[in-house]
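K.L.:
sequence first, predicted model second:
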Amino acid sequence: MLIAPQIFKCGSEDYLSLSPELFTLPHNTHMTKSALLIIDLQNDFLEGGSLAVPDGNEIIDPIIELAQKKDWDLVIATKDWHPQDHTSFASNHGVKPYTELEFTSPENEAEKKIQMVWPDHCVQNSNGSEFPPKFKAFWEQFKGPKELVKKGYLSDREYYSAFSDVWKLHKTELDSLLKEHGIRNVTIVGLALDFCVFHTASDALRENYSVTLVTNLTRSVADREGPPSKLQALGAHLAEYNGSEIIIK
Ligand SMILES: [Zn+2]
């Protein structure tokens, strides 16, 4: 039986395809789908927030512009989303914020990590966990394909990557959402470059996505130079958004 070829949309171009039963191409050789991943653009990481990233507010407008400008196959925004008793809060250990403590894997007593503890931030349903007003308004009216991914909600473990906790034990839905939408290219922006952006990008590389870090649409807590060069060494593309397009450096 002959099955008629079908036209299907990918971005702004039309592609001619045969039915997959008749003609199976290796995955993604005929089209490459791209997602914009907006990491933790939340009040607590912005000016006036409990864990404000210096100059974080400067990236809000251009991120909104970039999300609207390009024909993304998927736009994902992430939220750090902690219960009040979260283990990453200094207040839950009786120490000052930015102290380094030793943590034990929730599933393996022999596995330890030294990690920094933080001021209380992004507590579930608090104002600090909200998107800033302008981004919130954009997100609510945005008609393109979009998904919200929350992380950090298991109280006994830290999460930096939007893919999983730091012990790589609990996966969020991010990887399966990207796969469901056939995404291979991931463009990453948001906060903070030296923590959640870095770990999300390195996990995306580990999961074999093609990763582009838009360096001028991120801001750092402290280290501006190290994370981009480490990511580039791992295979990420470094790029800048110039107000109309993303230019690979
Ligand atoms: Zn957090």
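P.N.:
Right, received. Where do you want to start? Predicted, not measured: the structure shown is a model, and the values here were computed from it.

K.L.:
around the ion, pick out the residues from this structure.
P.N.:
Asp80, Gly152 (C-beta under 5 Å from the ion). For glycine as for every other residue, the C-beta is placed from the backbone atoms N, C-alpha and C.

K.L.:
center of the chain - which residue?
P.N.:
Nearest residue to the geometric centre of the chain (C-alpha atoms, centre = their mean): Ile39, 4.0 Å.

K.L.:
check contacts around that one.
P.N.:
Ile39 is in contact with Thr78, Ala162, Ile188, Val189, Gly190, Leu191, Cys196, Val197, Thr200, counting by C-beta atoms under 8 Å, 6 or more residues apart in numbering.

K.L.:
nearest to Leu238, of those?
P.N.:
Set against Leu238, the nearest of those by C-beta to C-beta is Ile188 (10.8 Å).

K.L.:
and the host helix or strand of the closest one, what other elements does it pack with?
P.N.:
Using DSSP states H and E, Ile188 sits within strand 183-191. Packing partners of strand 183-191 (3 or more C-beta pairs under 8 Å, 6 or more residues apart in numbering; DSSP states H and E): strand 33-39, helix 60-69, helix 198-206, strand 210-219.

K.L.:
quick one: mean pLDDT for that strand?
P.N.:
In this model, strand 183-191 has an average pLDDT of 98.

K.L.:
where in the protein is pLDDT low?
P.N.:
Within the chain, the set of residues satisfying pLDDT under 70 comprises 1-30.

K.L.:
how about it: which residue is closest to the ion?
P.N.:
The nearest approach of the chain to the ion comes at Asp80, 4.1 Å away (C-beta to the ion).

K.L.:
measure that residue to Gln42 for me?
P.N.:
Distance, Asp80 to Gln42, by C-beta to C-beta, to the nearest Å: 6 Å.

K.L.:
specify the beta-bridge partners of Ile114.
P.N.:
Going by DSSP bridges, Ile114 is paired in beta bridges with Glu102.

K.L.:
same thing with Ala239?
P.N.:
With DSSP bridges as the rule, Ala239 is bridged to Val214, Ile248.

K.L.:
distance check, it against Trp81.
P.N.:
28 Å.

K.L.:
do Val95 as well
P.N.:
23 Å.

K.L.:
any chance of the backbone angles for Lys70?
P.N.:
Note on Lys70: its backbone torsions stand at phi -100, psi 150 [degrees, to the nearest 10].

K.L.:
and Glu147, that's in a strand?
P.N.:
Yes. Under DSSP: H, G, I helix; E, B strand; the rest coil, Glu147 sits within a strand.

K.L.:
okay, now it: neighbour count?
P.N.:
16 (other C-beta atoms under 10 Å).

K.L.:
is it true that it touches Asp73?
P.N.:
No. Look at Glu147 against Asp73 with C-beta atoms under 8 Å: they stay out of range, at 11.4 Å.
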